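# Okay, predicted coordinates and the sequence, questions at the end:
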Amino acid sequence: MNRAMLTLATTLSLACSASDLAKGGQFDTAAGVAEADEDATASGPARLRVDILPSGDSAYLPQSFVYDLQTTDPYSLLGSLSVDLEPSRTLAGRVTAFEAAPFSDVSVPGTTTSPFLGRLSVTAPEGLARRSVDVDDGSFEVQLPAATDYRLAIQPADSALQPFVVLEPFDLTESDTDFLLELGFGSPVHGRVVQSDGSPAPGVTEVWLEDGRTGLAGPRVATDIEGNFMLRAFEGEHRLVAQGSERSTIPRVSAPVTVVGGDATRVDLDLGFVDIVEAGGRVVDADGRGLYQATIRFTSLELDEAAGQIVVEDDADSDGDFELDILPGLWQVEVIPPFDSDGTLGPVRLDDVVVDGAGVDMGTLSLPERRVVSGLVEAPDGGSPGVVTVVARELGFDHYVYTTVSDSTGRFELAVPDVPVEVAYLPSRTRQTVTWVEYREGMASRETIVLSNGIDVQGLVDTPTGPSVAALVDIVDADTGRSYGTALTDDDGRFELRVALDERGGWLQPGAGDTGI
């Protein structure tokens with residue numbers, strides 16, 4: 001039996017991993033063949049992730065495998081990529097805690113044992129393996145692939161009564177159906193969220209803790225009318241965060257917190273002065289008609305009197321009019337049309353909008369029409385690639401996606417907003433590779449994209465009981481999440497596909513030739 005006894009004196013040793021998002025190539029937006037930024041191309045992806053999704057009748061769960069391309073030779077890795085799926089393990093048991101009562105006393109209360117009520121989540125830091133379950137009587141059961149690097153998060157329904165805790169790394173190499181986790185009391189973290197003059201915030205404020213090593217967030221509690229709050233956590237490094245409820249003008253503020261086992265920790269958060277003013281205006285289409293349900297989003301760049309940062313948004317009414325509460329300061333404003341795959345409008349962004357003590361009248365905001373761009377996709381030999389699917393995704397705003405399909409010669413037209421986008425060119429022929437292009441000044445027109453032969457990836461997906469048949473294999477950039485190729489395993493568990501990687505492990509850009517592998 002694996003018994004985890006957590007008491008007030010327990011010190012939790014947590015690990016974390018953080019990685020910078022790898023940036024894609026920068027491309028010339030003029031007509032002609034796209035040219036990659038040399039620095040971005042040279043760096044390539046830091047890590048490659050292989051996602052395996054077994055067939056629906058498989059006894060194995062989806063799993064991911066991450067490879068560091070700075071220390072792994074892409075030739076040897078991708079020439080014969082062997083993946084062994086881990087069998088599923090069962091984690092089942094019970095979570096208990098000591099009821100923290102009376103609520104008004106931040107000292108350690110009595111010793112009444114109560115079953116845990118909340119949510120239990122077991123996740124891998126990266127990849128597909130994860131399970132969450134709601135717990136209402138302390139009992140739980142989850143199944144996951146065997147692994148040694150999970151995070152186990154215990155998130156109580158009321159974190160003023162029971163502690164929030166994260167265990168990492170959490171090993172699950174063998175089934176454990178008699179797991180007992182006794183949370184104890186945790187340590188109180190309490191204080192007030194107030195303005196600089198000591199008065200409470202003008203509205204409902206939510207407060208929560210984020211684990212200092214993993215960034216995982218605990219449940220939220222609302223302050224009382226005087227701005228008081230209380231949470232419970234285990235000793236270690238955390239971040240205390242306060243923010244207004246949805247559509248509130250109370251900014252997000254935070255402070256680091258060091259919790260010492262058994263001791264109450266007081267932290268007061270200062271909001272500055274929350275001086276509410278009004279922003280209004282009207283959103284129209286290219287013909288001057290009011291645009292119903294357009295989203296207006298204000299993101300603070302600098303607040304005059306208030307602390308922290310805030311995002312406030314609302315939807316336009318049936319006449320395109322909007323009014324929302326806001327704070328004096330410098331703002332970025334985004335106006336986003338409702339998504340419609342057959343629509344004609346694109347979003348617009350206004351930087352450095354000044355809001356003073358009298359508020360701001362945005363006037364009439366006219367959304368621009370999408371541009372129709374044309375292009376040509378060619379095979380590596382300069383010939384026709386056959387039918388190619390073109391998928392463009394906004395970089396920012398609400399990340400809307402726009403798609404089209406080329407004709408058999410690779411020619412296409414696509415209506416997209418004139419905003420930064422990333423575009424995936426997805427060939428239908430197996431000897432060509434998925435090619436990604438990032439357009440930071442908007443998608444270029446009359447451009448020729450030459451696909452690359454890339455690298456021929458061959459591999460095997462195996463299990464302790466035999467090969468994994470009809471499993472989906474997805475080759476992904478671990479840092480950006482971009483997929484560069486998929487394949488299905490055959491009756492022997494083998495697969496083959498081509499991905500746009502060069503011999504150094506860098507992603508190939510449009511126009512690159514065969515690597516010779």
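Happy to help now that I have it. Here the structure is a predicted model, which is why all the values come from computation and not from measurement. Numbering: from 1, shown residues only.
# Just name the shakiest helix or strand of the chain by mean pLDDT.
Counting by mean pLDDT, DSSP states H and E, the chain has its least confident helix or strand at strand 32-33, which shows a mean of 32.
# Go over the secondary structure and confirm L78 is in a helix.
Yes: applying DSSP: H, G, I helix; E, B strand; the rest coil, one finds L78 inside a helix.
# so who does it touch?
Contacts for L78 (CB atoms under 8 Å, 6 or more residues apart in numbering) come out as 455, 457, 499, 501, 517. Where you see a C-beta, it was placed from the backbone N, CA and C, and this is true even at glycine.
# L120 now?
By CB under 8 Å, 6+ apart, the residues touching L120 are 95, 132-133, 135, 140, 142, 152-155.
# Could you check which helix or strand contains it?
L120 belongs to strand 118-123 when elements are defined using DSSP states H and E.
# Give me the average confidence score over the very next helix or strand once past that strand.
Going down the chain from strand 118-123, the next helix or strand is strand 130-135, by DSSP H and E. Averaged across strand 130-135, pLDDT comes to 92.
# and strand 130-135, what other elements does it pack with?
strand 118-123, strand 139-145 (3 or more CB pairs under 8 Å, 6 or more residues apart in numbering; DSSP states H and E).
# Dump the contacts of L120 into JSON lines; add neighbour count and distance to V283 as well.
Below are those laid out as JSON lines (neighbours: other CB atoms under 10 Å; distance: CB to CB, whole Å):
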{"residue": "V95", "neighbour count": "24", "distance to V283": "49"}
{"residue": "S132", "neighbour count": "12", "distance to V283": "38"}
{"residue": "V133", "neighbour count": "13", "distance to V283": "43"}
{"residue": "V135", "neighbour count": "19", "distance to V283": "44"}
{"residue": "F140", "neighbour count": "21", "distance to V283": "47"}
{"residue": "V142", "neighbour count": "18", "distance to V283": "46"}
{"residue": "L152", "neighbour count": "21", "distance to V283": "46"}
{"residue": "A153", "neighbour count": "23", "distance to V283": "40"}
{"residue": "I154", "neighbour count": "23", "distance to V283": "44"}
{"residue": "Q155", "neighbour count": "21", "distance to V283": "38"}
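# List just the nearest of those residues to E168.
Top of the list for closeness to E168, among the contacts of L120 and by CB to CB, is L152 at 7.2 Å.
# mind listing what that closest one touches?
Contact analysis of L152 by CB under 8 Å, 6+ apart lists 120-122, 166-168, 170.
# Run the chain-centre distance for whichever strand or helix holds it.
Element membership of L152, judged by DSSP H and E, is strand 147-156. Taking the mean of its C-alpha atoms, strand 147-156 sits 18 Å from the chain's own mean (CA atoms, centre = their mean, to the nearest Å).
# got the angle between the helix or strand following that strand and strand 118-123?
Using DSSP H and E, the helix or strand that follows strand 147-156 in sequence is strand 165-172. If you take axes from the mean of the first three to the mean of the last three CA atoms, to 10 degrees, strand 165-172 sits at 50 degrees to strand 118-123.
# Which strands and helices lie in contact with the helix or strand following strand 165-172?
Downstream of strand 165-172, the first helix or strand assigned by DSSP H and E is strand 176-182. Other elements packing on strand 176-182 under the criterion 3+ CB pairs under 8 Å, 6+ apart are strand 3-5, strand 88-98.
# what does the following helix or strand past the last one contact?
Note on strand 88-98: by DSSP H and E, the next helix or strand toward the C-terminus is strand 113-115. Counting by CB under 8 Å, 6+ apart, strand 113-115 makes contact with 94-99, 137-139, 162, all of which sit outside it.
# Likewise for stretch 357-366?
Contacts of stretch 357-366 (CB under 8 Å, 6+ apart): 275, 277-286, 288, 326, 328, 333, 335, 348, 353-354.
# again, but for stretch 250-259
Outside stretch 250-259, the residues within contact range by CB under 8 Å, 6+ apart are 187, 189, 193, 201-205, 209, 212, 233-244, 265, 267, 269-272, 274, 300, 303, 306-310, 327.
# same thing with stretch 84-93?
Identification of contacts with stretch 84-93 by CB under 8 Å, 6+ apart yields 52, 54, 59-61, 63, 122, 139-147, 172-181, 461-464, 468.
# Now, of those, which are buried?
For these, a burial check counting by 16 or more other CB atoms under 10 Å picks out 52, 54, 60-61, 63, 122, 140, 142, 144-147, 172, 176, 179, 181, 461-463, 468.
# For the protein, just list every one of the helices.
In the chain, the helices defined using DSSP state H lie at 38-43, 74-79.
# By mean pLDDT, show me the worst of those helices.
Of all the helices of the chain, mean pLDDT reaches its minimum on helix 38-43 (a mean of 35).
# R131: neighbour count?
When neighbours are counted by other CB atoms under 10 Å, R131 registers 16.
# what's across from it in the sheet?
Beta bridges link R131 to V122, judged by DSSP bridges.
# what's the spacing between it and V122?
Counting by CB to CB, to the nearest Å, the gap from R131 to V122 is 5 Å.
# any common contacting residues for the two?
Common neighbours of R131 and V122 (CB under 8 Å, 6+ apart) are 142, 144.
# Hmm, M230 is touching V189, no?
Yes: M230 is in contact with V189 according to CB atoms under 8 Å; the separation is 7.2 Å.
# If you count surrounding residues, which of those two has more?
V189 (25 against 22).
# got a list of what the more buried one touches?
Neighbours of V189 in contact, by CB under 8 Å, 6+ apart: 209, 230-233, 238, 240, 257, 259, 264-265, 267.
# List the ones among those that fall in strands.
Cross-referencing the contacts of V189 against strands under DSSP state E gives 209, 230-233, 238, 240, 257, 259, 265.
# Most neighbours among the residues you listed, please name it.
Top of the ones in strands among the contacts of V189 by neighbour count (other CB under 10 Å): L231, with 30 neighbours.
# could you check the distance from it over to G127?
Going from L231 to G127 by CB to CB gives 30 Å.
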